[in-house]
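*Asks:* Structure for the following, please:
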Amino acid sequence: MIVLGIETSCDETSAAIVQDGSLLCNIVYTQEIHAEYGGVVPEVASREHDIHINTVVNAAMKKSQINFSDLDAVAVTYGPGLMGTLMVGLNYAKGLSIGLDIPFIGVNHMEGHLFANLIDNPNFTYPFLCLLVSGGHTQIWQVNEFGDYQRISNTRDDAAGEAFDKGARILGLGYPGGPQIEKNAKNGDPKKFPFTIPKIKNAELDFSFSGLKTAILYTCKRMEDSEIKMELPHLCASYQEVIIDTLIDKVKKSIAATGIMSIAIAGGVAANSRFREKMNIMAKDNGIKTFFPKMEYCTDNAAMIAIAGYERLRNGETSALDLKPVPNLSLDDTVYV
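*Replies:* Numbering: from 1, shown residues only. The predicted structure follows:
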């Protein structure tokens, strides 16, 4: 079976081809125009998707040497994400479905991230835990089998990726914030500034990062601009370290609570090299199997959508053509027929 995957949930226009569970190609166009605005502008993102989606899909078909007539289904993100950008991908995929008379599969973007690890590790053993950590979500899920998910923890406010972006903005760095903080943190002392994360009463597995943003804001307000510039590597290293340590602490507690000794990491923050280093050390010390996707599958991409769509098709699950975009879609809400 051959599945075309399409991803347009935010600021990446992406198309990928999966054949019998193996990835043939993954094309991603990143909208760099948003950097000048310090964040994603929804109207601009929708327009950029509209301009580039046909080119990206055709490039994926050409690179994989697949004809449109060879496709068995088209899978596309229908949420969560930005309403306008989701509509671009959905409408394009529905058009292909109708024109080619093939099944249409709406994929939950979070489910895509969850199974990004399947791209290079197709023989996952269930159950396993998954830490979904991105700009919009920071959650831990228990994955009992494909389609059977139980939420273990959630963020009470900001997501970890959002905390990186907000911290970078306070420090006068560019967008996206995560890579900027990571870059500046390389020569910094992670213990120079004692940032902390407050504990959540009666919910020790949940995350909270809003207080950290406030802490770095007031730290910078007490400093002159010249001092911030001089201390920037240490500020970035200290800020990054507390986010990473919090993620790892919650993972350890979730493993202790469930007894499940394998965990997959997914989402944009999974690309952070310091996080990968510390997570792998913790896993090795505690006998935990840890899986990270390749860097190119951490951020938004259609490969993960095509993989999830392929698994849905194998299970005989497709979507109706009247499926609408759901910007606030949860992994709990995914419905197929």
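
*Asks:* Tell me, how many residues neighbour residue 285?
*Replies:* Neighbour count for residue 285, taken as other C-beta atoms under 10 Å: 8. Yep, even glycine has a C-beta here, placed from its N, CA and C like the rest.

*Asks:* Would you check that my belief about residue 53 contacting residue 91 is correct?
*Replies:* No. Applying C-beta atoms under 8 Å, one finds residue 53 not in contact with residue 91, separated by 9.5 Å.

*Asks:* So for those two, which sits in the more crowded spot?
*Replies:* residue 53 (21 against 15).

*Asks:* secondary structure class for the more buried one?
*Replies:* Following DSSP: H, G, I helix; E, B strand; the rest coil, residue 53 is assigned to helix.

*Asks:* before we move on, what about residue 97?
*Replies:* helix.

*Asks:* And residue 106, by the same measure?
*Replies:* Applying three-state DSSP: residue 106 is strand.

*Asks:* And stretch 254-264, how far out from the chain middle?
*Replies:* Offset of stretch 254-264 from its chain centre (C-alpha atoms, centre = their mean, to the nearest Å): 20 Å.

*Asks:* quick one: terminal-to-terminal distance for that stretch?
*Replies:* Terminal residues of stretch 254-264 lie 13 Å apart, using C-alpha to C-alpha, to the nearest Å.

*Asks:* Buried by neighbour count: which residues of that stretch qualify?
*Replies:* 254, 255, 258, 260, 262, 263, 264 (16 or more other C-beta atoms under 10 Å).

*Asks:* And stretch 70-79, by the same measure?
*Replies:* Those would be 71, 73, 74, 75, 76, 77, 78, 79, for stretch 70-79 by 16+ other C-beta under 10 Å.

*Asks:* separation between the residue nearest in space to the middle of the chain and residue 320?
*Replies:* Centrality entry for the chain: nearest residue to the mean C-alpha point is residue 267, 2.7 Å, by C-alpha atoms, centre = their mean. Residue 267 is 28 Å from residue 320, where distance means C-beta to C-beta, to the nearest Å.

*Asks:* try residue 33
*Replies:* Distance from residue 33 to residue 320, counting by C-beta to C-beta: 34 Å.

*Asks:* again, but for residue 100
*Replies:* 17 Å.

*Asks:* Then residue 253?
*Replies:* Residue 253 is 40 Å from residue 320, by C-beta to C-beta.

*Asks:* Next: residue 255.
*Replies:* 39 Å.

*Asks:* same thing with residue 99?
*Replies:* Counting by C-beta to C-beta - residue 99 and residue 320 are separated by 17 Å.

*Asks:* ditto for residue 102
*Replies:* Distance of residue 102 to residue 320, computed by C-beta to C-beta: 14 Å.

*Asks:* More neighbours: which of the two?
*Replies:* Here residue 102 and residue 320 are compared on neighbour count by other C-beta under 10 Å; more neighbours surround residue 102, at 20 against 10.

*Asks:* What's the per-residue pLDDT of the more buried one here?
*Replies:* The model reports residue 102 with a pLDDT of 98.

*Asks:* swap in residue 210?
*Replies:* 87.

*Asks:* Make sure it is actually in contact with residue 158.
*Replies:* Yes. Counting by C-beta under 8 Å, residue 210 does reach residue 158; the two are 4.9 Å apart.

*Asks:* Quick check on those two: which one has the bigger neighbour count.
*Replies:* Between residue 210 and residue 158, counting by other C-beta under 10 Å, residue 158 is the more crowded of the two (21 against 16).

*Asks:* Could you tell me the model confidence score at the nearest residue to residue 154 once chain neighbours are set aside?
*Replies:* Residue nearest to residue 154 in three dimensions, not counting chain neighbours: residue 139, with 5.0 Å by C-beta to C-beta, 6 or more residues apart in numbering. In this model, residue 139 is scored at 95, pLDDT.
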